[in-house]
Structures are given as structure tokens and as C-alpha cells.
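Asker: can't give you the sequence, but here's the structure:
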Ligand code: DX5
Ligand code: ZN
């Protein structure tokens, strides 16, 4: 289980881009190719203009993949109402967005996430200033920097957000896990690693390749 910073950056396959009709097998293939945890994007059609899946799917995937670390990214307007069902469904990490809560609410929710046995991540959109998460970094195990506008896979990497990752590494606590999410590929991964990223989320860059080519993608992303 990945509850602390990995020794070197790892790839987190993003389930959103997997074959939903053959989900467990496709995820297993991405893990066999070198992915170290699964990134699971939950969308509510409100915080983002798309819908994905909820705790029911995660619960079934947990039965199929009992030992894999599940990194659940809640792109939803009301995370407080859904932390518990996602923890019960089998989440290990739960991240929610700084844009939907004030500082005190976010800190309280992080404590609830930990009370439920998970680690807590705070996520920040590309257009949100770093100052919004700065007062929260000591209260979370992870900072998730969005490098695309959340809601859809397959978008282009927004390089400006690398500055936020670098600030998270410089100004956050020593053990803070840094995750980059969106448009991360063999072309953009090195810049993320150089900025201090630990977890490289890969959706289309990985699942968009034939199964036999995915280990090359992972290798080229971790350098
Ligand atoms: C975007 C999601 C991402 C997405 C990344 O809203 O948060 O996790 O799956 O997909 P790619 O890697 O295709 O940009
Ligand atoms: Zn995500």
C-alpha cells in the first residue's frame, strides 16, 4: 500500500480511460505493465461537466483487485456527503477539491477521511492559485495538482501548473506526496518528475496503447 512518498516516481493508471466493459482485466493489465496504484475519478456532473462512476463500481473493483491501492479523486461539489461510502467501498486515498470548501471545512474533512482509515489529498484546479492550498498542506498527506481542466481524459498538459507542484515540494511538509493529474505522458512526465512529482496519473497515454505496449509507456514515464 502506498501511504507515504514512494522512493522514486510511480505511475498511477487512471481507470477513467480503461475499458469499462472489461474493467478489472484492463486495470490488471495496466498494473502488470508497471502501474503501482489505480487512480479513480469520481465526477458528479456539477463540479465538472461529466459523470463517471460511484462507490458501487469501486466496491466491485475492490473485490476483483483486493490488494491494489485505490486512489480516489472526488471531482464533486459535496465531498462531505460521500467520503464514507467511498471509504467503505475500498478507497485507500481520498482526494477532494480545495475549490469547494473553506480552510476549516477542508481540515475537518481530512480528519474524517483519516478516521475512516484512508489518507487524505487536497486537489487544485489549473486556474486556482497556489495560495488556496498553502494553508492546508500540513493537514493532508497528498497534494493533487490538476494539469488539465477536470472532467475529461485525453486533454493537453497545462505546463504552467508545474510551478504549483514545485512550490508544494519546496513549501509543503517533507513527506507530502505530490500527484500530477491530466495529460501526463512519456512527453510530459520528465517535467513532472523534475518538479518533484511522486505520482504520475496516466489515462489515455497508457490505456490508449495496446496492452502489449503499456510496459514501455510506464518505463518511459518513470525515466
Ligand atoms: C481528468 C481526470 C484525470 C484523467 C486523466 O478530469 O482527473 O484523472 O483521467 O486522463 P489523461 O491522462 O487522459 O489526461
Ligand atoms: Zn483524476
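Answerer: All right, it came through fine. In this text the structure is predicted, and so the values were computed from the model without any measurement. Ligands and ions are numbered 1, 2, ... in the order given.

Asker: could you count how many residues lie near the closest residue to residue 208 other than its chain neighbours?
Answerer: The shortest distance from residue 208 to any non-neighbouring residue, by CB to CB, 6 or more residues apart in numbering, is to residue 17 (6.7 Å). In this view, the C-beta of every residue, glycine as well, is placed from N, C-alpha and C. Residue 17: 20 surrounding residues under other CB atoms under 10 Å.

Asker: then residue 66?
Answerer: Neighbours around residue 66, by other CB under 10 Å: 7.

Asker: can you tell me the SS state at it?
Answerer: coil (DSSP: H, G, I helix; E, B strand; the rest coil).

Asker: and it, what does it touch?
Answerer: Residues near residue 66 by CB atoms under 8 Å, 6 or more residues apart in numbering: none.

Asker: ditto for residue 196
Answerer: Counted by CB under 8 Å, 6+ apart, residue 196 has contacts 165-166, 168-170, 178.

Asker: equivalent analysis for residue 123, please.
Answerer: Per CB under 8 Å, 6+ apart, neighbours of residue 123: 73, 75, 95-98, 143-146, 181.

Asker: can I get those in a markdown table with secondary structure?
Answerer: Converted to a markdown table, those look like this (three-state DSSP):
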| residue | secondary structure |
| --- | --- |
| 73 | strand |
| 75 | strand |
| 95 | strand |
| 96 | strand |
| 97 | strand |
| 98 | helix |
| 143 | strand |
| 144 | strand |
| 145 | strand |
| 146 | strand |
| 181 | strand |
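
Asker: quick one: which of the contacts of residue 196 is nearest to residue 186?
Answerer: Proximity of those to residue 186 (CB to CB) peaks at residue 165, which lies at 18.1 Å.
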